[in-house]
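Novice: quick one, fold the following:
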Amino acid sequence: MPLRPTGEFKISSKLIALVEQHQFRGLEEEQPIDHIEKFEEICATRRCSGVSEDYLKCTLFSFSLVEKAYKWMRALPAGSITTWDEYKRAFLKNFYPKERLKWMRRRISEFRHEAHESFFEAVSRFKEYKRECPHHGFTEIALLNFFYQGVDEKFKMALNIASQGDFMTNTVAQANTLIDNLAASNKYSCLDMRKTWRTSSQVQTFQKSLS
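Specialist: So this is what the prediction gives:
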């Protein structure tokens, strides 16, 4: 645990109760990263005077664990956790079984643009894969390459054109900006196409009703 703050301090009972409303049991069907994100969201809304963020999170986190997850926390070796980041990494590593982690890593490394999927939808899906497996261990360059190699050829070409050459020669920041810009453009063009298609379908239906 992080060093205990000096002086008097008290963590609000209301904050503890709020954390206890969103508890993690360690069941296979639970999503560990969702629990972490919800816990951090709750902590971000509260501050305790004189208490570091690390100490607050590490202290509060035990209240968010029950059953199998609580037993895991109690079994941690004394002094093995000194920061919230260490706590979070240990938690995710333990509650993502090896086979599940392999599958989640494979979803990322073998990413493929699905048929009839817009570029915006493909980008959103790839981002969700990364969010669900934050401890995937891939470098940012590797992630960009997985995505680039997996997208449809026409979008690969669009990324190269926007890069004035080879997309993979961009910095990570530049590459992500290009992807987000193309995704935003594709999103609105797809919405316009779907709106046109719906309007056309409605007209055809109306015409049939008149005949």
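
Novice: alpha carbons only for contacts and neighbour counts from here, please
Specialist: OK.

Novice: tell me where the model's unsure across this protein.
Specialist: 1-9, 48-50, 188-211 (pLDDT under 70).

Novice: that one - how does it break down into domains?
Specialist: In terms of domains, the chain is parsed into 13-95, 99-210 (source: automatic domain parsing).

Novice: give me the nearest residue to the residue at minimal distance from the centre of the chain, chain neighbours excluded.
Specialist: A centroid search over the chain (CA atoms, centre = their mean) returns R131, at 2.0 Å, as the residue closest to the centre. In space, and not counting its chain neighbours, R131 is closest to I33: 7.7 Å by CA to CA, 6 or more residues apart in numbering.

Novice: and what of V151?
Specialist: Nearest one to V151, counting by CA to CA, 6+ apart, is H113 at 4.8 Å.

Novice: one more: Y87?
Specialist: Among residues not flanking Y87 along the chain, I81 sits closest, at 5.9 Å (CA to CA, 6+ apart).

Novice: same check, this time on H22
Specialist: Distances taken as CA to CA, 6+ apart place S64 nearest to H22, at 6.4 Å, with adjacent residues excluded.

Novice: circling back to that earlier point, any chance you could list what contacts the helix or strand hosting the residue nearest to the centre of the chain?
Specialist: Assessed by DSSP states H and E, R131 sits inside helix 119-132. Helix 119-132 is contacted from outside by 33-34, 104, 107-108, 111, 113-114, 136, 147, 151, 155, 179, 182-184, 186-187, using CA atoms under 8 Å, 6 or more residues apart in numbering.

Novice: about what we covered before: wait, the residue nearest to R131 touches L92, no?
Specialist: Yes - between I33 and L92 there is a contact under CA atoms under 8 Å: 7.2 Å.

Novice: so what sits against both of these two?
Specialist: Shared contacts of I33 and L92 (CA under 8 Å, 6+ apart): none.

Novice: list the contacts of K38.
Specialist: H22.

Novice: let me know the secondary structure of it.
Specialist: Of the three states, K38 takes helix under DSSP: H, G, I helix; E, B strand; the rest coil.

Novice: how far away is it from L76?
Specialist: K38 sits 22 Å away from L76, going by CA to CA, to the nearest Å.

Novice: do E121 as well
Specialist: Applying CA to CA, the value for E121 to L76 is 40 Å.

Novice: of the two, who's got more company?
Specialist: E121 (16 against 12; other CA atoms under 10 Å).

Novice: ok, back up a step: how many other residues sit next to the residue nearest to H22?
Specialist: Per other CA under 10 Å, the neighbour tally for S64 reads 21.

Novice: then the one 4 residues further on?
Specialist: K68 has 12 neighbours, counted by other CA under 10 Å.

Novice: where along the chain do the helices fall?
Specialist: Along the chain, the segments classed as helices by DSSP state H run 13-20, 32-44, 53-61, 67-74, 84-95, 98-109, 119-132, 140-150, 153-162, 172-210.

Novice: by contact count, what packs against the first one?
Specialist: Helix 13-20 makes packing contacts with helix 32-44, helix 53-61 when contacts are defined by 3 or more CA pairs under 8 Å, 6 or more residues apart in numbering; DSSP states H and E.
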